[in-house]
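**Student:** starting from these lines, generate the structure:
(chains A and B, ligands or ions: 1)
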Amino acid sequence: MLGRLTYDSLPFYSIIAFGGAAITVGAGLAVIGLITWFRLWGWLWKNYLTTLDHKRIGIMYIVVALVMLVRGFIDALMMRGQQMASASGHGFLEGDHFQQVFSAHGTIMIFFMATPFMAGLVNFVLPLQLGARDVAFPFMNALSFWLTAGAAGLVLISLVIGVFSTAGWVGYPPYSGVERNPGVGVDYWVWALFISGFATTMTGINFVVTILKHRAPGMAYMRMPIFVWTVLCSSLIILIAFPALTVAVALLGLDRLFLTHFFTADHGGNLMNFTNLFWMWGHPEVYLLVLPAFGVFSEVVATFSGKKIYGYSAMVKATVIIMFVSMLVWLHHFFTMGASATVNAVFGIATMIIGVPTGLKIFNWMFTMYRGRVRFHVSMYWTLGFMVLFVIGGATGVMHAIVPVDYNTHNTAFLVAHFHNMLVPGVLFGYVAGYMYWFPKAFGFTLNQKWGIRAFWGWAIGFTLAFMPLYALGLMGLPRRTANIYDPSFLPLLIVAFIGALCVLFGIVALLVQLYVSVRDRAQNRDLTGDPWDGRSLEWSIPSPPPAFNFARIPIVDQLDAFAEAKRAGRKLQYEPAGPVDLPVPTIVPMVMGVSAFLLGFAAIWYMWWLFVLSFLVMLGAMIGRSFVDHNEFRVPQREVEAGLRTAAGRAGGVQ
Amino acid sequence: MTGATTGAKPGATLRGAELRAAVAENPMAGLGTATSHRVHSERALGFWVYLMSDAIIFAVLFSNYGVLTFGVADGPTAHELFSLSRAAQETALLLLSSLTFGLVSYSALSGQKGRAMFWLIVTMVLGAGFLALELSEFREMFARGAGPQASGFLSGFFALVGTHGLHVAVGMIMMAVMGVQFVVKGLTEPVLSRLYRVGLFWHFLDLVWIGIFSFVYLPGVLS
Ligand SMILES: [Cu+2]
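**Tutor:** Next up is the predicted model:
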């Protein structure tokens, strides 16, 4: 009945594991309790759990991302603490436990923090920037979200029931194989990635079709905001790269479950096949995360410099080139595999080439600010911080592209410093900048600037203190993923890195305080114009928060930044006549499928095959049932749409 | 370019010259409205995009097999296991089923429900024949100790051919659903739009199979 789930799977074996489980369960219960206390279940059901509205789905994605950010950061803090403590002789984590912590940290930050954050921002912003009423496939959009949430649930529950993978976020065999890793840990990792991979693929399809088919009339490709371009390229990367991950983890799962020989060391298996497949996905993944962040920076820089983005078409071309080249560099993750010098040289050179369009973007952002009227909104802090720190990361990336250098720094803390230098300033700063930039559009009031700036300094200083020492430690010979460090000469820099982690902790707390303070003072910070930053793209032409149908009348676009140009010329945007609007009917089916996917994964991990079959049948039935639905839209009558138009005009002083 | 509000009014039924022009472009235009055409053309595009991603899954499985063909270890070889005559029969069944699916689409678009149903059943019988042959092949291989656990080569083989077989099974479920919808809903626009996508899926599996025949069975037998 319960498969291999026994009493021993509960975390009573170690005080730290029990603490983690208690916090997870306690936080879950606290949320449920608060919702019940404030009688919010009905509101939640109506507005979020059953919604197909892209704006609300986007908000839910970002909530998941922030929760997972906190969870992943606690892991990071434990790692910094353990390494520092062990170098001074008193580590507090067992080796196995430390391995779980760094595996969970990487998995969570990439798959369940960065990816949902990206999907959330894009979900919210993309249709608004296109002048569209929703994404192309609202039902599939909700399904993607709930599958992601189900997969994130698997990672969270692994802290309470059983263990998580000890094989790192990359899960290389043979260590992740069943011989050396027989427990449930790697299976949690496999199923979480498999389910979230499906979700992300569907998201990619949705975004591509939305961009191709839902642009406002007149919005030719070269009139799309840069953010839309980056989303298009990043969605295409999803569609091309994610199949490799899906296959890699599926085959690893088969190796573990049915003892096949895809990646085993014997019987004709091939270990390096997994490594290749994983990085054929893994490197493009970095770019599919960073491109939308570049898009955010472009929007932020242009808006707060009060200028059109410098070199629009060069930006577009650079984005497209990055998309292509990002798929041709994966081998630089294992130059030490022993491929021929020629192969290594080809991938090394490709890796250096990808720095060129990236560098071009940095210059374009600088030229956009040059002679602009720069306003130091908090999003600009994150953008400028990114530009300074990211360049350092790019330079160390080019160092890694030189194969002989890579041979020396491979799997050292130097590498850890490098990729955090890309992902924290490159990806996370971008998403946070976007969060602070578009927040008033989503909720109708602006975020507190003071706490936003404090959060920025916490992150920027903390990041620098935490990772610059790791460059040095790597060059001194500290291998990555080391649980116990016995060399006391590493201690001073490890202490600095730990202090850096504490500064980042302050940054995260400041983000939460900012949210609290802003909600508390929302009456003073109302955005009545719908355009608090003097924005350039279409999302700023509608009220904040936008009505369910986004645009009462669909705008007609005649150039890049049509809204900003109309404002400058003192005329109004052109619109199509208002009419009735069809909106998708809310449904609980996506959430049911997400819960089923969670149970499916959980059942497969613990060998509860009856539950596996049951949840599979529920998902299959839901899909077949859904295929019988012809009309799933309800009509908002013209009267109501026009009423929305009038109040918007009255409130926003004629914005629309 | 972007539909709901350009051209014909959303929700309006097309008439006269507008209808004729639309039918020339898309035989389904006689049914439904401008809005529903937009919706269904978007779904078709979405399905093409999905197929692109699925094609890459197969590409990865092909290259995986290509690497693992050298991993025979001490297990049986392709030459001992593969039967060209059975693979040829499977090919014939699947290619023929693609032709008959074409007839399903043709009959359905010209409004002949009975014929469409007939060809749909023929297609499903051919598909079932393909699956039966494939399963008998797998069963024999298992009986000879040549299951996916035997060697890297066989793992790669079962992953590739098995994934294709699973897709065919999913296609069969989709066709069964289409058959039910023919009866329950008739040849309405949403049904025809679904049929179009099932057709894409089915023809795509044909293409993949041709790859499997040419890169797995032929070289295997000739090796
Ligand atoms: Cu890379």
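
**Student:** surely A:G183 meets A:V163?
**Tutor:** Yes: the pair A:G183 / A:V163 is scored as a contact, 6.0 Å apart, by CB atoms under 8 Å. C-beta here means a position set from N, CA and C on the backbone, and glycine is covered the same way.

**Student:** neighbour count for the two, which is higher?
**Tutor:** Between A:G183 and A:V163, counted using other CB atoms under 10 Å in any protein chain shown, the more crowded position is A:V163 (22 against 17).

**Student:** now chain B against chain A: closest residue?
**Tutor:** For chain B, the nearest residue to chain A under the criterion CB to the nearest CB is B:G71, separated by 2.5 Å.

**Student:** any idea of the pLDDT on that residue?
**Tutor:** If you check B:G71, the pLDDT there is 91.

**Student:** what sits up against stretch A:86-98?
**Tutor:** For stretch A:86-98, the surrounding residues in contact (CB atoms under 8 Å, 6 or more residues apart in numbering or on different chains) are A:14, A:16-17, A:78-79, A:81-82, A:85, A:101, A:166, A:483-488, A:490-491, A:494.

**Student:** the same query, at a cut-off of 6 Å, please.
**Tutor:** Among residues not part of stretch A:86-98, those counted as contacts by CB atoms under 6 Å, 6 or more residues apart in numbering or on different chains are A:Q82, A:A85, A:T166, A:A483, A:N484, A:I485, A:F490, A:L491, A:L494.

**Student:** now swap in stretch A:123-132 and tell me
**Tutor:** Contact with stretch A:123-132 is made by A:54-55, A:57-58, A:134-135, A:214-216, A:225, A:228, A:231, A:438, A:537-539, A:554-555, as judged by CB under 6 Å, 6+ apart.

**Student:** can you tell me which of these are in strands?
**Tutor:** Filtering those for membership in strands, criterion DSSP state E, returns A:P555.

**Student:** count of neighbours near the residue of chain B closest to chain A?
**Tutor:** With neighbours defined by other CB under 10 Å, the count for B:G71 comes to 22.

**Student:** over to it: give its phi and psi.
**Tutor:** Dihedral pair for B:G71: phi -100, psi 50, per degrees, to the nearest 10.

**Student:** swap in the one 3 residues further on?
**Tutor:** Phi and psi for B:D74, reported as degrees, to the nearest 10, are phi -100, psi 20.

**Student:** could you pull out the strands in the stretch 301-450 of chain A for me?
**Tutor:** Ranges of strands within the stretch 301-450 of chain A: none, based on DSSP state E, counting those that start in this stretch.

**Student:** again with chain B
**Tutor:** Taking DSSP E as the criterion, chain B carries no strands.

**Student:** quick one: name the residues of chain B near chain A.
**Tutor:** For chain B, the residues in contact with chain A (CB under 6 Å from any CB of the partner chain) are B:2, B:5-6, B:42, B:45-46, B:49-50, B:53, B:56-57, B:60, B:67, B:71-73, B:148-149, B:151-153, B:155, B:177, B:190.

**Student:** buried subset of those residues?
**Tutor:** Listed as buried from those are B:2, B:5, B:42, B:45-46, B:49-50, B:53, B:56-57, B:60, B:67, B:71-73, B:148-149, B:151-153, B:155, B:177, B:190; burial here means 16 or more other CB atoms under 10 Å in any protein chain shown.

**Student:** quick check: A:H54 touching A:R133?
**Tutor:** No: because the distance of 9.0 Å does not satisfy CB atoms under 6 Å, A:H54 is recorded as not touching A:R133.

**Student:** contacting residues for A:L493?
**Tutor:** Neighbour list for A:L493: A:P469, A:A472, A:L473 [criterion: CB under 6 Å, 6+ apart].
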